[in-house]
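> this one's sequence-less:
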């Protein structure tokens, strides 16, 4: 987990006109050739800004995403699940650490990023503003939200910024274990007692809407991102990623005998694309801007953790300590 | 070999590891820095895994399977020390408890790696290797925070004073102490405690913290006999919440 659903808001491209045209052309030619951009290389200001925003959002999603699943660590049924879930959520926090470091190579410190998270200035994946009521919800997250994130992250791993791509390669390798873990949990629910099956069906009913929102607004209404595509910051359109996810996972969900709460959901055999009821994008916007079921709680937890831990971080600093950008 | 004595020993060690592992895992997502979330989670995984291995050993001695033993007992059937069941509190308390506890466990498993009960000796060698990192972590942080800022020193001191009577409760003797020692299954709580005191003194001497007077301290005991604080049962209720929806189901 937990990247994905990056909220590419409308961007101002005016600054590109102020870049040195020769350097800009060289930069674009390098990307065109498939080269990676490294932290000390020249880059347009807009490229730097967008990457910081994207990597930072991804990092926040990892540590906020650890909260809904984390609450199930202490309740996981049996040793096998308890130990696996601990390891899984630990991975997610580790991904956060890795991604904050990748973003730091672009000039924003981890502290600044976390301050922006807590103040609401920077966003995280919308899906974690919904509550995980039952064990089955945590299984849904581990299997399907992680699956969605992998679709997104595999695409982004082919992007142009070296440190982010390298972080994503490592993250994707770990995610594949999460997917197996989540799928395994769901199979046990699916083949278990009626109560267990009902639990997972209810989880699908609750989580389908946020899952459809996960990949971000439909291409028809998304902000124009041509320049970000050209610079290989954004690698795939929201609708393409959503379609890829549906293609891979809807058949698996149906195969296990569960239903999906969208009567219009079907694959158009002529176009090869999935058709579905258009998600409520007004709700998506409302939730991402702070008015979801759990936004306040999630940020409050993060804020308290930061405040309670401040004395520890201060005690680690020495007068002569200087800020060091992490290795890329 | 006195099997009852052996089982009692295994239960208390396994229960300690399980309950503290559970507490450590509660830091996931809440640590003072991401690196500490990750460290406490690693230690939690080790400890819960070690408890699992010890419960498996108990199963070979005709006890129930590990899931049933861990998830279906009530607090009065648990033999852990009260120290490990106390809530995490602030980071200073969790750190001090981790230091006091793991210093003891590292010595305990070192002693047990000489046990006359071979399966226990074998597994203790493995656990000892894992615990080396736990004590390294604890010592590093106690030395750092115990000599850093006024606030960090006073916080650690307060937690040290608070935790110490409970820490002494770890060494509450078993009714089978003599049999365990004479049959060379375990060297006994007395020897463990003496070695622990020396080790704790060595580390604390490298900080600006002060140890309480050992002579006047009253150990908080009872845990080994199933008499616990009010904090254990709610922890167990939470741990078994899903499992008990249907204990016969496979999850």
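Sure thing, it's come through. Just so we're clear, the structure is a prediction, and the values are computed from it rather than from any experiment.
> how near is residue B:153 to residue B:142?
Per Cβ to Cβ, to the nearest Å, residue B:153 is found 11 Å from residue B:142. All C-beta spots, glycine's among them, are computed from the backbone N, C-alpha and C.
> common neighbours of those two, please.
Residues touching both residue B:153 and residue B:142 (Cβ atoms under 8 Å, 6 or more residues apart in numbering or on different chains): B:207, B:209.
> looking at these two, which has the bigger crowd around it?
residue B:142 (25 against 18; other Cβ atoms under 10 Å in any protein chain shown).
> three-state assignment of that one?
helix (DSSP: H, G, I helix; E, B strand; the rest coil).
> quick check: it vs residue B:157, distance?
Here residue B:142 is placed at a distance of 11 Å from residue B:157 (Cβ to Cβ).
> shared neighbours, the two?
What both residue B:142 and residue B:157 touch, as defined by Cβ under 8 Å, 6+ apart, is the set residue B:209.
> which one of the residues in chain A is closest to chain B?
Using Cβ to the nearest Cβ, the single residue of chain A nearest to chain B is residue A:309, 2.5 Å away.
> look up how far residue A:278 lies from that residue.
According to Cβ to Cβ, residue A:309 and residue A:278 sit 43 Å apart.
> those two: which is more packed in?
Applying other Cβ under 10 Å to residue A:309 and residue A:278 shows that residue A:309 carries more neighbours, namely 18 against 11.
> show me what contacts the more buried one?
B:31, B:32, B:33, B:36, B:91.
> what's the answer for residue B:146, then?
Contact analysis of residue B:146 by Cβ under 8 Å, 6+ apart lists B:152, B:153, B:156, B:204, B:206, B:207, B:208, B:209.
> around the fourth one, how many other residues sit close by?
The tally of other residues near residue B:204 (other Cβ under 10 Å) stands at 18.
> which parts of the stretch 51-200 of chain B sit against chain A?
Counting by Cβ under 8 Å from any Cβ of the partner chain, the stretch 51-200 of chain B comes close to chain A at B:52, B:66-67, B:70-71, B:90-91, B:144-145, B:148-149, B:151-152, B:155.
> for ChimeraX, write the selection for the buried entries among the residues you listed.
To isolate the buried ones among these in ChimeraX, judged by 16 or more other Cβ atoms under 10 Å in any protein chain shown, type:
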select /B:52,66,67,70,71,91,145,148,152,155
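> which of the residues of the stretch 51-200 of chain B next to chain A sit farthest apart?
Maximum pairwise distance among these (Cβ to Cβ): 44.7 Å, between B:67 and B:149.
> other SSEs contacting the helix or strand residue B:124 falls within?
For residue B:124, the element it lies in under DSSP states H and E is helix B:118-145. In this structure, helix B:118-145 packs against helix A:295-316, helix B:34-60, helix B:91-112, helix B:150-168, helix B:189-204, with contacts taken as 3 or more Cβ pairs under 8 Å, 6 or more residues apart in numbering or on different chains; DSSP states H and E.
> tell me which of these sits nearest to residue A:78.
Nearest of the helices and strands packed on helix B:118-145 (Cβ to Cβ): helix B:34-60, 10.0 Å.
> pick the one among the contacts of residue B:146 closest to residue B:225.
So of the contacts of residue B:146, ranked by how close each gets to residue B:225 (Cβ to Cβ), first place is residue B:204, at 29.7 Å.
> so how far is chain A from the closest one?
Using Cβ to the nearest Cβ, to the nearest Å, residue B:204 is found at 17 Å from chain A.
> grab the nearest non-local neighbour of that residue.
Setting aside the residues directly before and after it, residue B:204 is nearest to residue B:211 in space (Cβ to Cβ, 6 or more residues apart in numbering or on different chains), at 5.4 Å.
> confirm that that neighbour sits in a helix.
No. Residue B:211 sits outside any helix when classified using three-state DSSP, being coil.
> so it sits against residue B:203, correct?
No. Applying Cβ atoms under 8 Å, one finds residue B:211 not in contact with residue B:203, separated by 10.1 Å.
> export the contacts of residue B:146 to CSV and append columns for pLDDT.
Formatted as CSV, these follow (pLDDT from 0 to 100):
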residue, pLDDT
B:152, 97
B:153, 98
B:156, 98
B:204, 98
B:206, 97
B:207, 97
B:208, 97
B:209, 98
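> so where's the stretch 1-150 of chain A uncertain?
Within the stretch 1-150 of chain A, the segments meeting pLDDT under 70 span A:1-10.
> what residues does it put near chain B?
Listed as neighbours of chain B in the stretch 1-150 of chain A under the rule Cβ under 8 Å from any Cβ: A:63, A:66-67, A:70, A:72-79, A:81-83, A:86-87, A:89-90, A:93-94, A:96-97, A:100, A:135.
> which of the helices and strands packed on helix B:118-145 sits most buried?
helix B:91-112 (a mean of 24; mean count of other Cβ atoms under 10 Å in any protein chain shown).
> in terms of secondary structure, what does it contact?
Applying 3+ Cβ pairs under 8 Å, 6+ apart, one finds that helix B:91-112 contacts helix A:295-316, helix B:3-25, helix B:34-60, helix B:82-85, helix B:118-145, helix B:150-168, helix B:189-204.
> change it to 6 Å
helix B:118-145, helix B:150-168, helix B:189-204 (3 or more Cβ pairs under 6 Å, 6 or more residues apart in numbering or on different chains; DSSP states H and E).
> tell me what the last one is packed against?
With contacts defined as 3+ Cβ pairs under 6 Å, 6+ apart, helix B:189-204 has these neighbours: helix B:91-112.
> quick one: mean pLDDT over the helix it packs on.
Helix B:91-112 carries an average pLDDT of 98.
> and the contacts of it?
A:312, B:32, B:88, B:120, B:124, B:127-128, B:131, B:134-135, B:138, B:141-142, B:155-156, B:159-160, B:163, B:167, B:170, B:187, B:192, B:195-196, B:199-200 (Cβ atoms under 6 Å, 6 or more residues apart in numbering or on different chains).
> with stretch A:193-207 instead?
The contact list for stretch A:193-207 (Cβ under 6 Å, 6+ apart) reads A:134, A:136, A:137, A:140, A:189, A:258, A:261, B:246, B:249.
> need the buried ones from those selected in PyMOL.
Filtering those down to the buried ones (16+ other Cβ under 10 Å) takes a single PyMOL command:
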select buried, (chain A and resi 134+136+137+140+189+258) or (chain B and resi 249)
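> roughly how far does the nearest residue to residue B:84 once chain neighbours are set aside sit from residue B:168?
Excluding its sequence neighbours, the residue lying closest to residue B:84 (Cβ to Cβ, 6+ apart) is residue B:20, at 4.0 Å. In this view, residue B:20 and residue B:168 are 16 Å apart by Cβ to Cβ.
> what is the rounded mean pLDDT of whichever helix in chain A runs longest?
Criterion DSSP state H: the longest helix present in chain A is helix A:162-190. Mean pLDDT, helix A:162-190: 96.
> now the angle from the next helix or strand after that helix to helix A:162-190?
Remark: after helix A:162-190, the chain's next helix or strand is helix A:194-213, criterion DSSP H and E. If you take axes from the mean of the first three to the mean of the last three Cα atoms, to 10 degrees, helix A:194-213 sits at 150 degrees to helix A:162-190.
> quick check: mean pLDDT of the next helix or strand after helix A:194-213?
Sequence order places helix A:226-230 as the next helix or strand after helix A:194-213, per DSSP H and E. Across helix A:226-230, the average pLDDT comes to 90.
> C-terminal to helix A:226-230, what's the next element?
Using DSSP H and E, the helix or strand that directly follows helix A:226-230 along the chain is helix A:238-255.
> and that next one, what's buried?
In helix A:238-255, counting by 16+ other Cβ under 10 Å, buried: A:238, A:239, A:241, A:242, A:243, A:244, A:245, A:246, A:249, A:250, A:253.
> if we ignore the residues flanking it in sequence, what's nearest the first one?
Nearest in space to residue A:238, with sequence neighbours left out and distances taken as Cβ to Cβ, 6+ apart, is residue A:216 at 4.1 Å.
> burial count for the one you found?
25.
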